[in-house]
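> how would this look folded up:
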Amino acid sequence: MSLNLDSESITVLCPHCSSQHEETILRLKYEPRLSCPDCGKYIVINLLDLYTMLESVHKSCKTLLKKLAGASNGKSPH
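Numbers count the residues shown, from 1 in each chain. Now for the predicted structure:
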């Protein structure tokens, strides 16, 4: 089972004016340089950090799914 988070939104914080707004993960992957809707300055997303975070989420979900599958089979999740 593959987990696709591209349509999920995350909060982006402008380092210039501290305003927050939502962007989809897909947009951040393909447009890592965004213009802040409040101050107009550019926000640059570190793609290495984004992909590292997504990989961590995938691993956590995979572990959780294994535990849930074991519990549904009558096995202890520990």
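> when you work out contacts or count neighbours from here on, use the C-alpha atoms and nothing else.
Will do.
> next, the distance between the ends of stretch 11-31.
15 Å (CA to CA, to the nearest Å).
> may I see the buried residues of it?
12, 14, 25, 28 (16 or more other CA atoms under 10 Å).
> next, count neighbours for residue 53.
Using other CA atoms under 10 Å, residue 53 is surrounded by 11 other residues.
> so what's it up against?
Applying CA atoms under 8 Å, 6 or more residues apart in numbering to residue 53 gives no contacts.
> circling back to that earlier point, what is the nearest of the buried residues of stretch 11-31 to residue 39?
residue 14 (8.7 Å; CA to CA).
> and residue 10, its phi and psi?
phi -130, psi 160 (degrees, to the nearest 10).
> run the chain-centre distance for the longest helix along the chain.
Identified as the longest helix of the chain according to DSSP state H is helix 47-72. Put simply, helix 47-72 sits 11 Å off its chain's centre (CA atoms, centre = their mean, to the nearest Å).
> again with stretch 24-43
Computed by CA atoms, centre = their mean, the chain-centroid distance of stretch 24-43 equals 15 Å.
> quote the end-to-end distance of that stretch.
15 Å.
> any idea which element residue 22 lies in?
Secondary structure from DSSP states H and E places residue 22 in strand 20-24.
> sheet-wise, list the partners of that strand with their directions.
Partners of strand 20-24 in the sheet, by DSSP bridges, are strand 9-13 (antiparallel).
> contacts for the strand it pairs with, please.
By CA under 8 Å, 6+ apart, strand 9-13 touches 19, 20, 21, 22, 23, 24, 25.
> 10 Å instead?
Residues outside strand 9-13 that contact it (CA atoms under 10 Å, 6 or more residues apart in numbering): 18-28, 34, 36, 43, 45.
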